[in-house]
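In: sequence and predicted structure below; questions after.
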Amino acid sequence: MGISEEEWKRLQKALDWPGPDQEITQLNQSTSPVHSTFSIVGLKESYKVGENISVTITARDHNKNLKRYGGDFFKAKLFNSKLKASVYGEVVDHCNGTYSVALLLPWEGQAQVYVRLEHSSEVVQILKKYRESSFPRSHYNGYFEGPGPNKTRISEVVQCNLKWGADGGWSKGDCCCEYKDIKTGTVWQCERPKKLSCDNLVHHSRGDLETPLNPFEKQIFTKNLASVAITGDTQIINVLPNTTGIGTMERCRSGMTTPVVPAGFYLKDVWKSFVCNTQKFSSSQMGNCLKNKIVYLMGDSTTRQWFEYLERKVPDIKRMDLHTPPACGPLMAVGLKNNIIVHWRPHGVPLRFTKMLITDLHYISNEIDEIAGGPHAVVVFTIFAHLAYHPITFYVHEVAKIRQSVVALLSRAPDRHHQVWKHCRI
């Protein structure tokens, strides 16, 4: 996977999640969002900005019995709809059916607690089982085209998928065309077309989704049991100003350590970091900030939305017509006044996009290897959503390759101040 055994063990420990201590065979034994509750511990008449409140979550099954083990995926936050404010807290699992949350009060005014059951511990275990499985949940299409005019050209559409794992992955034997990326080692397989050669693969698109769930697992996965708010204390929390504030923060810079939860909060729909002094940029400030910059956006629809946002907000930015699909790219925008160039392209397969040229799908690590770097270069990438249907070891492999390329980029130009923004999740 491109990482050491020690690092893989650390990742496994970070991914470890408590689970049922017995096999669950009936739906009513799973966690019920209807019967689970939360309560605020020692609620006071008022608090000051920077103080914490404590919340206890109690999980029960569909028979109203207290759960004896942990592993439920709860989310807890404070919010104020009028102020457009919210902050999440870290949920601590006591592995006995109870959970505790410390919620920071970062704004002046009022707040309420909101707790949601994202997935029961039983569902989490099912997700974990298939996360580590090579079951082909996501299918893809490969479009093969022969030479000649469009009307008479031979074309074939076949199934494609990732080849990964000790069992050889999606398909067996000499059934398929294989396309191996030399630098990353990733192998893509397509069923061998009947009339055309493997060299005739031209387009790629998403295919069907296949569920591996058995009938009982489908019951537990019903929509009314996932991402559901649970009942609890709805009292208004009054937060008074604090003259000492939360603390002085330094200017945001690369390399700063960011906590998992909470990394910051929203107030008036603006994100405020707990780590450093964030700034909200006006359109003109965006143009000045990006002046003389080449921005390389890579990944999925997340970074494409960044591209579209910059296109709308940065003055003088205009999209160039590259004769590519607007949702699939690649895309490019140019600002002549401030000498700004913004690129966006999707990452390599697997990718669940509509039909597009296979040659336009490049692995992020390979793209970074082609960048010379320098103070004018800004690299932004996101990778996780389209890999969620495949084994987590493949995701680790892809992220490790990207890390190697980032390190190499910084190494070949050590005196230059590169800016690398990443968005990758496990």
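Out: The structure has been received and is ready for your questions. Numbering: from 1, shown residues only.
In: can you list the domains in this structure?
Out: For the chain, the structural domains run 5-129+217-240, 134-209, 279-424, going by automatic domain parsing.
In: now those in CSV, with distance to residue 249, mean neighbour count and mean pLDDT?
Out: For every residue, glycine as well, the C-beta is placed using N, CA and C. Listed next are those as CSV, based on distance: least, Cβ to Cβ, whole Å; neighbours: other Cβ atoms under 10 Å; pLDDT from 0 to 100:
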stretch, distance to residue 249, mean neighbour count, mean pLDDT
domain 5-129+217-240, 12, 16, 93
domain 134-209, 38, 16, 88
domain 279-424, 12, 17, 91
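In: could I get these as JSON lines with distance to residue 273?
Out: What follows is these, written out as JSON lines (distance: least, Cβ to Cβ, whole Å):
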{"stretch": "domain 5-129+217-240", "distance to residue 273": "11"}
{"stretch": "domain 134-209", "distance to residue 273": "33"}
{"stretch": "domain 279-424", "distance to residue 273": "10"}
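In: figure out which of those is closest to residue 272.
Out: With distances scored as Cβ to Cβ, the stretch of the domains of the chain nearest to residue 272 is domain 5-129+217-240 (7.4 Å).
In: can you get me the start-to-end distance on that closest one?
Out: Across its full length, domain 5-129+217-240 reaches 50 Å end to end, with Cα to Cα, to the nearest Å as the criterion.
In: and that domain, how far from the chain's centre?
Out: A distance of 20 Å separates the C-alpha centroid of domain 5-129+217-240 from that of its chain, computed with Cα atoms, centre = their mean, to the nearest Å.
In: quick one: contacts of stretch 144-164?
Out: For stretch 144-164, the external contacting residues (Cβ atoms under 8 Å, 6 or more residues apart in numbering) are 134, 136, 138-143, 169-171, 178, 186-196, 200-204, 207, 349-350, 390-391, 393-394.
In: try it again at 7 Å.
Out: For stretch 144-164, the external contacting residues (Cβ atoms under 7 Å, 6 or more residues apart in numbering) are 134, 136, 139-143, 169-170, 178, 187-191, 193-196, 200-202, 207, 350, 390-391, 394.
In: quick one: end-to-end length of it, please.
Out: 23 Å.
In: got it, and stretch 128-145?
Out: Per Cα to Cα, stretch 128-145 runs 39 Å from first to last residue.
In: ok now that stretch, how far from the chain's centre?
Out: 18 Å.
In: convert stretch 266-275 to CSV, retaining C-alpha atoms only.
Out: What follows is the C-alpha trace of stretch 266-275 in CSV, where atoms were taken according to Å, rounded to 0.1, in the frame of the first residue of the first chain:
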residue,chain,number,x,y,z
TYR,A,266,-20.2,28.6,12.2
LEU,A,267,-21.6,32.0,13.1
LYS,A,268,-23.7,34.0,10.7
ASP,A,269,-23.0,31.3,8.1
VAL,A,270,-19.2,32.1,8.3
TRP,A,271,-16.7,29.4,9.4
LYS,A,272,-14.5,30.4,12.4
SER,A,273,-11.5,28.2,13.2
PHE,A,274,-10.5,27.3,16.7
VAL,A,275,-6.9,26.9,15.5
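In: tell me which strands the lengthiest strand in the chain pairs with, and in which orientation.
Out: In the chain, ranked by residue count with DSSP state E as the criterion, the top strand is strand 109-119. With DSSP bridges as the criterion, the sheet partners recorded for strand 109-119 are strand 73-80 (antiparallel), strand 228-229 (antiparallel), strand 237-240 (antiparallel).
In: would you map the strands across the stretch 201-350 of the chain?
Out: If DSSP state E, counting those that start in this stretch is used as the criterion, the strands of the stretch 201-350 of the chain fall at 201-209, 228-229, 231-232, 237-240, 264-267, 270-273, 294-299, 318-319, 331-335, 340-346.
In: hmm, I was thinking of the stretch 1-150 of the chain
Out: Taking DSSP E, counting those that start in this stretch, the strands of the stretch 1-150 of the chain run over residues 37-41, 47-48, 52-58, 73-80, 85-93, 98-104, 109-119, 138-145.
In: the inter-axis angle of the fifth one versus strand 52-58?
Out: Pointing back at strand 85-93 there. Taking axes from the mean of the first three to the mean of the last three Cα atoms, to 10 degrees, one finds that strand 85-93 is oriented at 50 degrees with respect to strand 52-58.
In: now the strands of the stretch 1-150 of the chain as a markdown table including distance to residue 293?
Out: As requested, the strands of the stretch 1-150 of the chain are arranged in a markdown table below (distance: least, Cβ to Cβ, whole Å):
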| stretch | distance to residue 293 |
| --- | --- |
| strand 37-41 | 46 |
| strand 47-48 | 42 |
| strand 52-58 | 40 |
| strand 73-80 | 35 |
| strand 85-93 | 32 |
| strand 98-104 | 35 |
| strand 109-119 | 38 |
| strand 138-145 | 35 |
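In: surely residue 274 and residue 264 touch.
Out: Yes. Counting by Cβ atoms under 7 Å, residue 274 sits close enough to residue 264 to count as a contact (5.0 Å).
In: what's the overlap in contacts for those two?
Out: Between them, residue 274 and residue 264 have no joint contacts when contacts are counted by Cβ under 7 Å, 6+ apart.
In: hmm, back to that, closest one to residue 382 among the strands paired with strand 109-119?
Out: Distances from residue 382 to each of these were compared using Cβ to Cβ; the shortest belongs to strand 73-80, at 21.5 Å.
In: contact partners of that closest one?
Out: Residues from elsewhere that reach strand 73-80 (Cβ under 7 Å, 6+ apart): 55, 57, 85-89, 91, 99, 101, 103, 105, 109-119, 124.
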